[in-house]
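Student: Have a look at this fold, sequence not included:
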């Protein structure tokens, strides 16, 4: 990817964050820190994007149309390739593909009051699609720490952008990292959670805390990390009411990895499904 284009995105977002912690992610907030020429340059290189008006139903429709054109092994390769290269923009495609595959097209169904502005199936809020949708902060988080996404707007961005990136293939070092991750997870203490696991895997590959949490969240989404009640999206789409939070004050790990403990190890069937034949 073009480094100049990425720097344009990062500079605009970082300046916006420094100026306002409350609304830095709004289009009008960060766009004031970027010139027209720089924005056009970043768009040309598929790093920044114009806003779009997309309805809830069109989001679902476009996700299903896009994911139908993607091969599973290609997103697995992208995920593995990101391990040794630290090209984090390739990492989230795996979980987004998994969610997109399991998703069924549906119309907006209001949740019970007082949450009637939230879709009871996918959790999209009306304010998210009734106003123009911006994708630049999504891309920022992809480059920043390989974020794991479960919002359908984020999933849409991933499955539509995946074909635009150069095809990549993992190498022997990626295979080594993957096997080390597997061994570390399987030898976790029974009561370990993601907070302990992210520290144990820290020497396996170059990463920071946010990157490691995101990677473990991705493994939850694809069905590898879960407990015996809360599962990932590999076999069926997990609806908004099913993505339960743990009864603790700060439950900031994504579903279902938030429920994982060391005693559950890995889901061997899902590991084989995704990584049984690496490349």
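Tutor: Received it, and whenever you're ready, just let me know what you need. Quick caveat: nothing in here was measured; it's all calculated off a predicted structure. Numbers count the residues shown, from 1 in each chain.
Student: which helices and strands sit right next to the longest helix anywhere in the chain?
Tutor: Secondary structure of the chain per DSSP state H: the longest helix is helix 3-19. Judged by 3 or more C-beta pairs under 8 Å, 6 or more residues apart in numbering; DSSP states H and E, the packing partners of helix 3-19 are helix 27-30, helix 36-44, helix 136-145. Yep, even glycine has a C-beta here, placed from its N, CA and C like the rest.
Student: Now with 6 Å, please.
Tutor: helix 27-30, helix 36-44 (3 or more C-beta pairs under 6 Å, 6 or more residues apart in numbering; DSSP states H and E).
Student: Nearest to residue 55, out of the ones you listed?
Tutor: helix 27-30 (18.5 Å; C-beta to C-beta).
Student: I'd like to know how many residues surround residue 35.
Tutor: Residue 35 is flanked by 10 other residues according to other C-beta atoms under 10 Å.
Student: tell me the pLDDT at it?
Tutor: Looking at residue 35, its pLDDT is 97.
Student: what do you get for residue 148?
Tutor: For residue 148, the predicted pLDDT is 89.
Student: ok, it - contacts?
Tutor: Going by C-beta atoms under 6 Å, 6 or more residues apart in numbering, residue 148 touches 92, 95, 214, 217-218, 254.
Student: how does it look with 10 Å?
Tutor: Applying C-beta atoms under 10 Å, 6 or more residues apart in numbering to residue 148 gives the contacts 91-92, 94-96, 99, 141, 154, 213-222, 253-254, 257.
Student: Repeat that for residue 95.
Tutor: Counting by C-beta under 10 Å, 6+ apart, residue 95 has contacts 75, 79, 147-150, 154-155, 158, 214-215, 217-222, 232-233, 254.
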